[in-house]
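Student: Below: sequence and its predicted model.
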Amino acid sequence: MEWKDIYMHRCLQLANQGAGFTAPNPMVGAVLVYENEIIGEGFHRAYGGPHAEVNCFESVLPRHRQFICKSTLYVSLEPCSHYGKTPPCAALVIKQQVPQVVVACRDANSKVNGGGIKMMQDAGILVREGVLEKEALELNRRFFVFHQKKRPYIILKWAETADHKIAKPGPLPIAISNDLTHTWVHQWRAAEAAIMVGSNTVLTDDPYLTTRHWPGNNPLRIVVGNRVQPGKSLHVLDNTVSTWVFNNHLQCEHEKTRFIKLPESPQFIRDVLQYLHGQQVLSVLVEGGQQLLQSFIDAGLWDEARVITNTEMFLNEGIQSPELKYYKNGETADLKNDRIRIYRRL
């Protein structure tokens, strides 16, 4: 591995520390290198806070500040060139008189998308692009899908038995995955902007849809369907976490719970996603039920599927698992009797 790859790999390591806290911004890491020594590093810790480049420059010790103007800045994403919640980072790089910048990939946000690179080049800075680009695109795949496809990044998730059933007949819920997997699912939730279920699942399972078994932010809770009504004694209506209920009949708001009325339409799911995109919801973890999951699959509206299979449980009869289409296999992991498979849409 070349030195440039080693430093960019460190940028990606740093960026990943912001997972679950930066949305709708991307995760970004930066390191400042002088004569093969890292003299500063930083990452974007949380949305609205200082960007990676700012934290990187601020981390440089007083005795090393004289070397900034002779150093190379490595950053996992093109420095921004517009005023948002913070000033443009490209302008900061210019102000610091850094002579060379190495960028993993360009920013997909239309407000940037090459603007930061051009700003630095116009100031005489040598900019190199494409170092560990594939890895950088993977790290921020939610961000890139959001800006390129104009919708949230969509992860489908369900637990099934060895004979591909997600529930038994009747109204009573059944626990399919084990406690270790359950904790891992809460880690997944903490990394996403929102979690979505159908109204039938809410009435049948009365889920909390929180990260109570894992430290991290609770995602926005989203319910889709007309069966959940204000005033019902349900965990998703307890006003402890922001919750949006998309339906065709009611528009109202109480504390942290909002009922959002959208027109009845065959494209209802697309309308929900369009609304979420407009509200800067970067990613959605869709957890069920079967009809909602299959509607996303049939519409081609998914990017990733995480399927948990209890290899020792058989129901023989029950609700059949959703059927994926046009996918490629990804990672596989085993947690006791649970096998977790991750699929990517082609």
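Tutor: That came through, no problem.
Student: Buried residues in the lengthiest helix in the chain, which are they?
Tutor: As assigned by DSSP state H, the longest helix anywhere in the chain is helix 3-16. Within helix 3-16, the residues that qualify as buried are 7-12, 14-15, counting by 16 or more other CB atoms under 10 Å. In this view, the C-beta of every residue, glycine as well, is placed from N, C-alpha and C.
Student: same thing with stretch 217-230?
Tutor: Neighbour-count burial for stretch 217-230 [16+ other CB under 10 Å]: 217-225, 228.
Student: Make JSON lines from the residues you listed and add secondary structure to it.
Tutor: Putting those into JSON lines (DSSP: H, G, I helix; E, B strand; the rest coil) gives the following:
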{"residue": "N217", "secondary structure": "coil"}
{"residue": "N218", "secondary structure": "coil"}
{"residue": "P219", "secondary structure": "coil"}
{"residue": "L220", "secondary structure": "strand"}
{"residue": "R221", "secondary structure": "strand"}
{"residue": "I222", "secondary structure": "strand"}
{"residue": "V223", "secondary structure": "strand"}
{"residue": "V224", "secondary structure": "strand"}
{"residue": "G225", "secondary structure": "coil"}
{"residue": "V228", "secondary structure": "coil"}
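Student: Output the longest helix of the chain as CSV, nothing but the C-alphas.
Tutor: This file holds the C-alpha atoms of helix 3-16, laid out as CSV (Å, rounded to 0.1, in the frame of the first residue of the first chain):
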residue,chain,number,x,y,z
TRP,A,3,1.7,6.3,1.5
LYS,A,4,-1.2,8.2,-0.2
ASP,A,5,-3.4,5.1,0.4
ILE,A,6,-2.3,4.8,4.0
TYR,A,7,-3.2,8.4,4.7
MET,A,8,-6.5,8.2,2.9
HIS,A,9,-7.3,5.0,4.7
ARG,A,10,-6.8,6.9,8.0
CYS,A,11,-9.3,9.6,6.7
LEU,A,12,-11.9,6.9,6.1
GLN,A,13,-11.3,5.5,9.6
LEU,A,14,-11.8,8.9,11.1
ALA,A,15,-14.9,9.6,9.0
ASN,A,16,-16.6,6.4,10.1
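Student: before we move on, back to that, what two of the buried residues of stretch 217-230 are the furthest from one another?
Tutor: N217 and G225 (25.0 Å; CB to CB).
Student: and which of the buried residues of stretch 217-230 is nearest R151?
Tutor: I222 (13.7 Å).
Student: leaving aside the residues next to it on the chain, what's closest to that closest one?
Tutor: Residue nearest to I222 in three dimensions, not counting chain neighbours: M196, with 4.2 Å by CB to CB, 6 or more residues apart in numbering.
Student: Residues touching the one helix or strand that neighbour maps to, excluding its own?
Tutor: Using DSSP states H and E, M196 falls within strand 194-198. The contact list for strand 194-198 (CB atoms under 8 Å, 6 or more residues apart in numbering) reads 152, 189, 207, 209, 219-225, 276, 281, 283-289, 291-292.
Student: And for stretch 319-339?
Tutor: 156, 158-160, 164-169, 177-178, 180-181, 184, 289-290, 293-294, 297-298, 300, 304-305, 307-313, 340-346.
Student: switch the cut-off to 7 Å
Tutor: With contact meaning CB atoms under 7 Å, 6 or more residues apart in numbering, stretch 319-339 is reached by 158, 160, 164-167, 177-178, 180-181, 184, 290, 293-294, 297, 305, 308-312, 340-346.
Student: Return the members of the residues you listed classed as buried.
Tutor: 158, 160, 164-167, 177-178, 181, 184, 290, 293-294, 297, 305, 308-310, 340, 343, 345.
Student: re the thing from before, and the next element down the chain from the strand holding M196?
Tutor: Note on strand 194-198: by DSSP H and E, the next helix or strand toward the C-terminus is helix 199-205.
Student: List the buried residues for that next one?
Tutor: In helix 199-205, counting by 16+ other CB under 10 Å, buried: 199-202, 204-205.
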